[in-house]
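Student: Build me a model from this:
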Amino acid sequence: MRQRGGALAALVAACGDDEERRRAARELAVRLLASDPDDLDTAQEIVRTLVDWADDLADHPHHPGVPRPDEADRLTRDHVKDVLRDHLTAPARDWLSGTKLSLDVCFFALRRVRGLDPQTREDVFYAYGRGTMALDLGNRAAAARELARLRELRELYGA
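Tutor: Okay, the predicted model is just below:
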């Protein structure tokens with residue numbers, strides 16, 4: 001929300017025709033940055049206002065546009081990961097760190113295997129991606145399952 005709101009506020013403040021709206025966009029950007037990260041309603045209200053104002057500048061060459069679905073998913077995942085980590089207990093953070101390290105070790109060992117067929121190599125990347133995503137979202141079962149898949153492949157190929 002903050003990234004999107006900041007980009008839209010910058011566009012309206014720099015390129016808008018109405019001086020009052022330009023000033024208001026700068027003030028909204030400051031409010032958005034100063035708002036409590038857990039106050040989603042305020043952030044959504046500010047961004048909705050900025051989206052409406054930026055729609056008037058839709059033809060402008062520097063209009064940020066709407067993020068693609070994959071980009072929106074990445075931003076959401078990054079936000080959830082950051083918020084989740086702040087609310088975890090020390091043992092849970094330790095488990096996440098240990099599991100991430102295990103995923104990394106298996107992944108990098110398998111990447112170094114010579115002669116790995118393309119399908120298996122794709123499976124390695126897929127399992128690693130799903131495992132790290134599961135960690136980011138706090139899904140222990142899915143992360144453990146993907147780590148087990150990588151360990152099986154590592155044993156199978158002697159990595």
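Student: In this protein, which helix is the longest?
Tutor: Using DSSP state H, we find that the single longest helix of the chain is helix 90-111.
Student: Following element in sequence after that one, please.
Tutor: Using DSSP states H and E, the next helix or strand after helix 90-111 towards the C-terminus is helix 118-137.
Student: Give me the buried positions along that next one.
Tutor: By 16 or more other Cβ atoms under 10 Å, the buried positions in helix 118-137 come out as 123-124, 127-128, 130-136. Where you see a C-beta, it was placed from the backbone N, CA and C, and this is true even at glycine.
Student: cool, and stretch 12-31?
Tutor: Neighbour counts over stretch 12-31 (16+ other Cβ under 10 Å) mark 12-13, 15-16, 22, 24-25, 28-29 as buried.
Student: among these, which are in helices?
Tutor: Of the positions in the buried residues of stretch 12-31, 12-13, 15, 22, 24-25, 28-29 sit in helices, assigned by DSSP H.
Student: how about those residues in JSON lines, adding distance to L103 and pLDDT?
Tutor: Converted to JSON lines, those look like this (distance: Cβ to Cβ, whole Å; pLDDT from 0 to 100):
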{"residue": "V12", "distance to L103": "42", "pLDDT": "82"}
{"residue": "A13", "distance to L103": "43", "pLDDT": "83"}
{"residue": "C15", "distance to L103": "44", "pLDDT": "80"}
{"residue": "R22", "distance to L103": "47", "pLDDT": "83"}
{"residue": "A24", "distance to L103": "46", "pLDDT": "88"}
{"residue": "A25", "distance to L103": "43", "pLDDT": "86"}
{"residue": "L28", "distance to L103": "40", "pLDDT": "86"}
{"residue": "A29", "distance to L103": "38", "pLDDT": "85"}
